[in-house]
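> Generate a structure from the sequence data that follows.
(chains A and B)
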Amino acid sequence: ETGVTQSPTHLIKTRGQQVTLRCSSQSGHNTVSWYQQALGQGPQFIFQYYREEENGRGNFPPRFSGLQFPNYSSELNVNALELDDSALYLCASSLEPRGAYNEQFFGPGTRLTVL
Amino acid sequence: AQSVTQPDIHITVSEGASLELRCNYSYGATPYLFWYVQSPGQGLQLLLKYFSGDTLVQGIKGFEAEFKRSQSSFNLRKPSVHWSDAAEYFCAVRVNAGNMLTFGGGTRLMVKP
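All right, here's what the predicted structure looks like:
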């Protein structure tokens, strides 16, 4: 069984640029959630995708957007990058979006640095 | 909205000593509660979770946590810490069957030889 994978591992961008981060969910999982973890802080929920539709969103501006593909892999896109977007971006997959025993399995993250 | 507080940003313990990491949550009802561990350069690994029932929950790597409704707490414990336990620990809550985890700020654990 393959776990959650993310690419790239590290990324450096400049202010105003756009970035795309990728996530492959664990085998059999149809739900992907994205989190932003700033340095020294806990992860914050960005949004979740379930069967190719956005299924819940945290307090992030519209320049944070996503996609989910038929194979349940997902992309996180961030437009007009700001310095504060520098963070570790974590992807988590789960069997279903809700449910008492629904566990989220996390990938290793993508470290984004905005200069 | 729910929130999670981990009062201790850093904790240092000697190898073999006992450990308790504190977690307090704010929510009107009993949420689903989780403890995750994050090693440098790694993602989050689930240590244990509480949904209902027995308030003392056993997890992986010898960790346990106790849910105390009266104190809105879910503290993580380990009787004897190993050097490999050095990492960052996060408490998280999920409301009912919702889809969003809310994390605390984390506690960095250092282990002295």
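
> Excluding residues flanking it in the chain, which one is nearest the residue nearest the centre of chain A?
Against the mean C-alpha coordinate of chain A, by Cα atoms, centre = their mean, the closest residue is A:W34 at 3.0 Å. Nearest non-adjacent residue to A:W34, counting by Cβ to Cβ, 6 or more residues apart in numbering or on different chains: A:I46, 4.3 Å away. Every residue, glycine included, has its C-beta placed from N, CA and C.

> The one you found is in what secondary structure piece?
Per DSSP states H and E: A:I46 is located in strand A:44-50.

> close to chain A, is stretch B:99-110?
Yes - using Cβ under 8 Å from any Cβ of the partner chain, we find that stretch B:99-110 touches chain A at B:99-106.

> Relative to B:D85, how far out is whatever residue of chain B ends up closest to chain A?
Distance from chain A to each residue of chain B (Cβ to the nearest Cβ) is smallest for B:F103, at 3.4 Å. As judged by Cβ to Cβ, to the nearest Å, B:F103 and B:D85 stand 19 Å apart.

> Do a quick rundown of the strands in chain A.
For chain A, the strands defined by DSSP state E occupy A:5-7, A:10-13, A:19-24, A:31-37, A:44-50, A:53-57, A:64-68, A:74-78, A:87-94, A:105-106, A:110-114.

> Chain B now?
Assigned strands in chain B, in chain order: B:3-5, B:10-14, B:19-21, B:24-26, B:32-38, B:44-50, B:56-58, B:64-68, B:73-78, B:87-94, B:101-103, B:107-112 (criterion: DSSP E).
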